[in-house]
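Enquirer: Could you work out the structure for the sequence below:
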Amino acid sequence: MDALTEAVVRGASAEELERAPVPADFTAAHIRQEDTGIFDGEADPDVRRSLRVGRVPMPALAPDEVLVAVMASSINYNTVWSATFKPVSTFGALRRFARGGGYPARHDQPYQVVGSDAAGVIVRTGAGVRRWKVGDHVAVNAAVVDDQDPVTHHDGMLGADQKAWGYETNFGGLAHYTVVRASQLLAKPGHLTWEETACVPLCGGTAYRMLVSDRGARIKQGDIVLIWGATGGLGAFAVQLVKNGGGIPVGVVNSEEKAKLLARLGCDVVINRTEIGIGGEVAAGADTVDRAKRLGRAIRAELGEDPHVVFDHVGRATFGISVIVARRGGTVVTCGSSTGYEHSFDNRYFWMNLKRIVGSHGMNLNEAAEMMRLVGLGAVAPVLSEVYPLAEVGEAARLVQTNRHTGKVGVLALAPSPGLGVTDPATRAALGEERLGPLRSATPQPAAVG
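Expert: Numbers count the residues shown, from 1 in each chain. Model prediction:
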């Protein structure tokens, strides 16, 4: 173990971290350009075949960047996309980014370090970094934006050069070290462990923008919000945001086990779609209408009303139902399409009932900070369910790829064990382990800062 890594793991002071030399290379989960075609013609592109864990060169640091020693990360579905090279190979995005020259040219490599979440310790800062210093405990927001683009100062997600870190850039968070812009940093809540913190930024910020932000659905007190995939990473945060905002979350799941987990999250109404004949396969035409009517009847039987908002990130398999089941004047907000991008819906239910469809992507830094503030206050809990070591990142990603997970799947990087990183044990004790681990059957007792 090199001196800097040893110092980080030991919890050394900022002064000692600054003295320790930066290693020439580091361990990272990555994909290789040479593997791009390995899944051609295969029905099941198993990410365990393409995700490698090994040493990669340490990149140079730009003036507006920091080097973070990653204590923990988590799996997002974009890592599955990267590792399957679908719908497109992310090496194309790295080449386009590099064409700008200068520091972006570093990103065009025959490998890509993946991962769009991280929590860790700053070990170096670029010459232009002002608000952060070595030794700070941070989380990383996945949105990489151009602060010299005027529209970024209105909304970072509208910038033409906005990118998803660790997906459309190199040097992502599933690694011992990562390079990020200072404009991606968030302060780590002191009462959370490294792995709990790492599960918040991407899914938490995305759910916040979709539901709470004035760029999303703008939920209000009393709103009924239908949440597809309510025990997943996005859905579990959505349930809590709706509940905290005075709304009524209606969660859709596919098993009795997941229904019980939703109850622990405080979901007011839980619908097991298998019990009302709504399978996971893609419906079309009259079948879509029939499924939507069955779902609508189930919701009205519980609440007497149709949903004000439908939270949809599933895509092709659910979108046609979402458009129909939303009430007159209601809103469907969407941020993704894990079951397919080609959506179809009966436009009569849309235009004649004056509904809205809101596209939402990622989150700007303020939205990410607001979400982390709610977590810091204890108003929103992490949705961590399982934790894997970095050496087993393929297994962790496979769990997400095959939808056999709940909440967020964490990955330990430099943290030697779960439960480390807590610097505010009093707040943690006040909130309680059950509150902080709603999707875990057994929550490990955290140690002090590590």
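
Enquirer: Compute the first-to-last residue distance for stretch 417-437.
Expert: From its first residue to its last, stretch 417-437 covers 17 Å (Cα to Cα, to the nearest Å).

Enquirer: Kindly report the same for stretch 88-104.
Expert: The first and final residues of stretch 88-104 sit 20 Å from each other (Cα to Cα).

Enquirer: So which bits of it are buried?
Expert: By 16 or more other Cβ atoms under 10 Å, the buried positions in stretch 88-104 come out as 89-91, 93-94, 97-98, 103-104. Placement of C-beta: from N, CA and C, glycine included.

Enquirer: what does that stretch rub up against?
Expert: 31, 33, 36, 60, 62, 65, 81-82, 105-109, 112, 163, 167-170 (Cβ atoms under 8 Å, 6 or more residues apart in numbering).

Enquirer: 10 Å instead?
Expert: Contacting residues not belonging to stretch 88-104 are listed as 31-33, 35-37, 59-65, 78-79, 81-83, 85, 105-112, 114, 126, 144, 146, 161, 163-164, 166-170, 179 [Cβ atoms under 10 Å, 6 or more residues apart in numbering].

Enquirer: And for stretch 343-354?
Expert: The contact list for stretch 343-354 (Cβ under 10 Å, 6+ apart) reads 282-286, 288-289, 292, 306, 312, 315-330, 332, 334, 337, 355-357.

Enquirer: what distance separates it from the centre of its chain?
Expert: Relative to its chain's centre, stretch 343-354 lies at 30 Å (Cα atoms, centre = their mean, to the nearest Å).

Enquirer: Ok, stretch 120-129 next?
Expert: How far stretch 120-129 lies from its chain's middle: 23 Å, per Cα atoms, centre = their mean.

Enquirer: and what of stretch 39-56?
Expert: Mean-position distance between stretch 39-56 and its chain equals 21 Å (Cα atoms, centre = their mean).

Enquirer: And the average pLDDT for it is what?
Expert: Taken as a whole, stretch 39-56 has a mean pLDDT of 97.

Enquirer: Could you pull out the buried residues of it?
Expert: 39, 45-47, 50-53, 56.

Enquirer: quick check, nearest of the buried residues of stretch 88-104 to residue 199?
Expert: residue 90 (22.1 Å; Cβ to Cβ).

Enquirer: What distance do you get for that closest one to residue 80?
Expert: Distance, residue 90 to residue 80, using Cβ to Cβ, to the nearest Å: 11 Å.

Enquirer: Between these two, which contacts overlap?
Expert: By Cβ under 10 Å, 6+ apart, residue 90 and residue 80 have these common neighbours: residue 114.

Enquirer: Take the contacts of stretch 343-354 and keep only those in strands.
Expert: Per DSSP state E, strands hold the following members of the contacts of stretch 343-354: 312, 332, 334, 356-357.

Enquirer: I am finished for the moment; much appreciated.
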